[in-house]
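A.B. asks: Using only what follows, build the 3D model:
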Amino acid sequence: MESEDDAVYRQFRPLLFSLAYRMTGSVAEAEDIVSETFLHYQRAHARGVEVRSHRAYLTTTTTRLSIDHLRSARHNREVYVGPWMPEPLLSRPEDDVEGRAERYESLSLAFMVLLESLSPVERAVFLLREVFQYDYAEVAAIVGKSEVNCRQLLRRARNHLASRAPRFEVSREQRDRVAGMFFAAVDGGDLDALVDLLTEDAVLYGDGGGVGPSMPRPIHGRTRVVRLMGVVSDLIRRFDLRVQPASVNGQPGAAVRDPEGRLLNVLALDVVDGRVQTVRSIINPDKLHHLGPLLDPRLLMPAHTAGAGGPADGTGPGEGREPGEPDDAGDRPGPR
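C.D. replies: Numbers count the residues shown, from 1 in each chain. You can find the predicted model right below:
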């Protein structure tokens, strides 16, 4: 027979993980926070503490642990090598539910990168109110602020995010159709098709974190992105890699694996007005361990580039430039 503690865990774990993941951007850290939350609950239960609302107690504990974690981790985020992205969550495209569009937009890589610009408490207030639909009295109790203060924090967060909030294709069918053509073109090396599928101001972000091959700066412009994806396409065909469509944090994407099923990297797309506006590549192995066995990206890199980043994530000195062309990509704003 299931114990009361086990029943509480089974009921509330999905909610708490969703909150902790959106707060931290890390699957491992979210799992640790949820585990610590239930340890707090079990100890309180064992001491005879009356918990009138499991939902309120567990959400409060998870939120406060997440805020503490963000405060301690902020320095590591600030000195991160290259663009920072959250650890991706993968599912099959057909597993996504149409009616959860708002929840998925708050889960997207683009939006979670934007959340990094908020303070930990602003982030908590914004998520609790806008994503999880807690009322102001509940939010105030959870973060230990007054309702008036929480309204001010939410207004500040909304204003900060409004001008930079990502746009997504409204039609799921259109979005998935464009993504399917994009990945088919990458898999087949059809660069002309990529030109037609990308917006003129397309941008590519690569997260290697200094561990795997990485780009210190985003790649801006359709021509440069096509050139880079051509390198990726050559690697896919040379090493017989598989491009497997997947839903990445609720947006169209793909997992790139070798014939043995080992994961090399995860690609995610932002589709706007029928074209791909942003490509995000996560190749940092520290962010992919939760997805299964990994393929070491350094095995695909020529020996002369092994110490300076490699083509698997579009790196290397002068990538994306014609000889003599000035490197102005670093003057463009990054996603953080």
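
A.B. asks: and stretch 126-138, C-alpha only, in PDB?
C.D. replies: The C-alpha trace of stretch 126-138 is given here as PDB (Å, rounded to 0.1, in the frame of the first residue of the first chain):
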ATOM      1  CA  PHE A 126       7.000  36.100 -12.800                       C
ATOM      2  CA  LEU A 127       6.900  32.300 -13.200                       C
ATOM      3  CA  LEU A 128       4.500  31.800 -10.200                       C
ATOM      4  CA  ARG A 129       2.000  34.400 -11.500                       C
ATOM      5  CA  GLU A 130       2.300  34.300 -15.300                       C
ATOM      6  CA  VAL A 131       3.100  30.600 -15.900                       C
ATOM      7  CA  PHE A 132       1.600  28.700 -12.900                       C
ATOM      8  CA  GLN A 133      -1.300  31.100 -12.300                       C
ATOM      9  CA  TYR A 134      -0.800  31.600  -8.500                       C
ATOM     10  CA  ASP A 135      -2.800  34.500  -7.200                       C
ATOM     11  CA  TYR A 136      -0.900  37.500  -5.600                       C
ATOM     12  CA  ALA A 137      -1.600  36.400  -2.000                       C
ATOM     13  CA  GLU A 138      -0.100  33.000  -2.700                       C
END
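
A.B. asks: which sections of the stretch 101-250 of the chain are below the confidence cut-off?
C.D. replies: Within the stretch 101-250 of the chain, the segments meeting pLDDT under 70 span 101-104, 169-170, 211-214.

A.B. asks: try 90
C.D. replies: Under the criterion pLDDT under 90, the flagged ranges of the stretch 101-250 of the chain are 101-107, 162-173, 208-217.

A.B. asks: quick one, strands of the stretch 151-300 of the chain?
C.D. replies: The residue ranges that make up the strands of the stretch 151-300 of the chain, judged by DSSP state E, counting those that start in this stretch, are 198-207, 219-220, 242-248, 251-257, 263-272, 275-282.

A.B. asks: Put together a markdown table for these, with mean neighbour count on each row.
C.D. replies: Bear in mind the C-beta positions are built from the backbone N, C-alpha and C, glycine included. Conversion of these to a markdown table gives the following (neighbours: other Cβ atoms under 10 Å):
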| stretch | mean neighbour count |
| --- | --- |
| strand 198-207 | 22 |
| strand 219-220 | 20 |
| strand 242-248 | 19 |
| strand 251-257 | 24 |
| strand 263-272 | 24 |
| strand 275-282 | 24 |
